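Q: sequence first, predicted coordinates after that:
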There are 2 protein chains.
Amino acid sequence: MTPPTPLHLSLAGQAVDVLREQVLTGEIPPGSRVNEVEVAQKLGISRGPLREAIRHLASEGLLTLVPHRGAFVPAADSDEVKALFELRAALECAAAELAASRRTDVDLVRLHEVCAESRRNYKAGQPFPYRLDLAFHQTLIDAARSPHIAGQVKLVQQRVVLLRSALEDDPPHQHASMDDHDELVKAVEDGDAARASTVMRRHLSRVCAQMLTSLNR
Amino acid sequence: MTPPTPLHLSLAGQAVDVLREQVLTGEIPPGSRVNEVEVAQKLGISRGPLREAIRHLASEGLLTLVPHRGAFVPAADSDEVKALFELRAALECAAAELAASRRTDVDLVRLHEVCAESRRNYKAGQPFPYRLDLAFHQTLIDAARSPHIAGQVKLVQQRVVLLRSALEDDPPHQHASMDDHDELVKAVEDGDAARASTVMRRHLSRVCAQMLTSLNR
DNA sequence: AAACTGCCAACTGTCGACAGTTGACAACGT
DNA sequence: ACGTTGTCAACTGTCGACAGTTGGCAGTTT
C-alpha cells in the first residue's frame, strides 16, 4: 500500500515539509551537511524529488548550496542577524501601516485574543512561548491584506526561527514584547499607520538586540 | 569539445540564465506553457537540470507551477501589479532610508552619473530607456548596503520587468520619473532619510499608476 | 619532520527510461 | 442535438545508473 502517492502531494512536496521541520527544530543542526543519498533513503524516496526539496528550501534561505559539495544548514552569525532584521523591519513596518488602514473588526478581535492568551500564559508562570509571538505577527500581517508582503514576511520569520533555534529567552524581554504587542494593537485599532510603523520598528530593534546579546555568549 | 561542462556553471545554472532571459524579453510570452521535453531538447540538456531551472525561476516568481500540468509564464493582472508595488514600496522605501544614512561619496557620484546620463539621453530625443531607470534603482539600493533587502528588491524588480514587457512608455511620465530621481538623490545626499522614503513612495505610486492605466487599454 | 604528489572513496551533477495523471477527443446513449 | 462515458496521447513525477569533481589519505621526497 505505498503507491507513488502523487494523490495529494508530490514526494518532493512531502520532502520539503519533513526537511523544513527537521531544519527548523534543529534536528538537523546548523553547520551540518545534508547528504542526498542518506536522507533520500531515510525518507524512502529517490534523489530526484529530494534534490528538488533541497533546492526549494535553499530558495527560502533555510539551506545554503555549495556547488559539488552539497547543502548546509546556515549557522547563526551576528551580521546575518542584523541584515535579516533590516529586511524584516522593512516588511513588517509596511505591513503594520497597511494593517492600520485596512484592518477589519474581525482582525482586531483576533489580535486582542492573541495578546490576551499571551498574558494569561505569562501570569500562569509559563514562559512566553515563541509560538504565540509568531501567531501575533502572523495575525497582524494577515490584517494588512497584502499577499506578497505576507509571503515574504513568512519566509523571513522562518529564517529568524532557524537562527533562534538554539537561543534561550529571558522573562524581562518577554514582558517588553507583550507590551509592544499591546501598543501595536492599539495603534492599529486607531488606524494610526505612522504610529504602528514606529512601534513595530522599536519592537523589532529590541528583539534584534536581544538576539544579538543572546548570541554573543 | 562538449564535456558535461560543470567547469564554471552547472547545466541547471546555464538553463536558469537562458530561461530567465527568454521569459523577461517576452520570447516566451506570458500565459504560455513551458514544455519540459521540448525546451530540454532545444537547450541540448536532459530534463533533470531543466526541471531544477524551472523550479528556481518559479521560486523567483517568473514562472507559476501547476501540479501535473507544468510551468506557465504569469500574465499581467491589475491586482497583481498593485500587490507587487506594495511589496516594492516597502522594500525600496526602506532602502532609500538606509541609503540616506549610509551612502558614501562614491555612491553619490554614481547616482549623479546615472541621472545625468538619463537627462542627456532624454534631451537627445531618445526615449528614457528602462535600462537607465533600473540602473538608478540598483545603484540606490546598493548604497543602502543591506544585502538581504537588495536581493529581494532585485527579485521584485524582475517581476515588474516581466509585467512591463508588453507596455509602452509615454514621455510625460518619463520626465516626472527623472525629476523624482533627482529629488531622491538630493535627499540621499542630505542624509534626509524621512524625505528619501517619502519621495520614493510617491515615485513608486506614480509608476504604479502609470502601469495600471497602460494595462487597461 | 614537514611539504608535496598521486591515488581513492564519497558525493554531486546528469542522463535515459518507466509509471501515473491530466485534458481532450471520440463514441455512445438519451 | 446535447450530455455522458470511455479511451488515448502527451506530459509530468519518479527512479536507478553513470560520469565528473572534490576533499582527504597514504606514500614519497627534501
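A: Nice, thanks for sending it over.

Q: select the longest helix from chain A.
A: For chain A, the longest helix by residue count, based on DSSP state H, is helix A:78-102.

Q: that one - contacts with which helices or strands?
A: Other helices and strands packing on helix A:78-102, by 3 or more C-beta pairs under 8 Å, 6 or more residues apart in numbering or on different chains; DSSP states H and E, are helix A:130-144, helix A:147-164, helix A:171-190, helix A:193-215, helix B:78-102, helix B:147-164. Bear in mind the C-beta positions are built from the backbone N, C-alpha and C, glycine included.

Q: so which of those helices gets nearest DNA strand C?
A: Closest of the helices and strands packed on helix A:78-102 to DNA strand C is helix A:147-164, at 19.7 Å (criterion: C-beta to the nearest atom of the strand).

Q: how about the closest one and chain B, any contact?
A: Yes - against chain B, helix A:147-164 shows contacts by C-beta under 8 Å from any C-beta of the partner chain at A:147, A:148, A:149, A:152.

Q: who are the contact partners of the first one?
A: By C-beta atoms under 8 Å, 6 or more residues apart in numbering or on different chains, the contact list for residue A:147 reads residue B:83.

Q: okay, now residue A:213: neighbour count?
A: Neighbourhood size, residue A:213 [other C-beta atoms under 10 Å in any protein chain shown]: 11.

Q: tell me how far it lies from chain B.
A: Distance from residue A:213 to chain B, counting by C-beta to the nearest C-beta, to the nearest Å: 21 Å.

Q: try residue A:68
A: In this view, residue A:68 and chain B are 7 Å apart by C-beta to the nearest C-beta.

Q: need the pLDDT of that residue.
A: Note for residue A:68: predicted pLDDT of 95.

Q: around chain B, pick out the residues from chain A.
A: For chain A, the residues in contact with chain B (C-beta under 8 Å from any C-beta) are A:6, A:10, A:48, A:51-52, A:55-56, A:59-60, A:67-68, A:83-84, A:86-87, A:89-91, A:93-95, A:98, A:146-149, A:152.

Q: show me which of those are buried.
A: A:10, A:48, A:51-52, A:55-56, A:59-60, A:83-84, A:86-87, A:89-91, A:93-95, A:98, A:146, A:148-149, A:152 (16 or more other C-beta atoms under 10 Å in any protein chain shown).

Q: near DNA strand C, which of the residues you listed show up?
A: A:48, A:51 (C-beta under 7 Å from any atom of the strand).

Q: now do the buried residues in the host helix or strand of residue A:14.
A: Per DSSP states H and E, residue A:14 falls inside helix A:11-24. By neighbour count on 16+ other C-beta under 10 Å, the buried set for helix A:11-24 is A:11, A:12, A:13, A:14, A:15, A:16, A:18, A:19, A:20, A:23, A:24.

Q: now, which of these sits nearest residue A:75?
A: Residue A:75 lies nearest to residue A:23 out of these, by C-beta to C-beta, at 12.2 Å.

Q: ok, that closest one - contacts?
A: The neighbours of residue A:23, taking C-beta under 8 Å, 6+ apart as the test, are A:57, A:62, A:63, A:73, A:162.

Q: repeat the analysis, applying 10 Å as the threshold.
A: With contact set as C-beta atoms under 10 Å, 6 or more residues apart in numbering or on different chains, residue A:23 has these partners: A:29-30, A:32, A:34, A:57, A:60, A:62-63, A:71, A:73-74, A:158, A:161-162, A:165.

Q: make a PyMOL selection of the buried ones in the residues you listed.
A: Selection command for PyMOL covering only the buried members of those, criterion 16+ other C-beta under 10 Å:
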select buried, chain A and resi 30+34+57+60+62+63+71+73+74+158+162+165
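
Q: the closest residue to residue A:36 other than its chain neighbours: neighbour count?
A: In space, residue A:36 comes closest to residue A:47 once its chain neighbours are excluded; the distance is 5.2 Å by C-beta to C-beta, 6 or more residues apart in numbering or on different chains. Neighbour count of residue A:47, defined by other C-beta under 10 Å: 14.

Q: fine, thanks again, bye for now.
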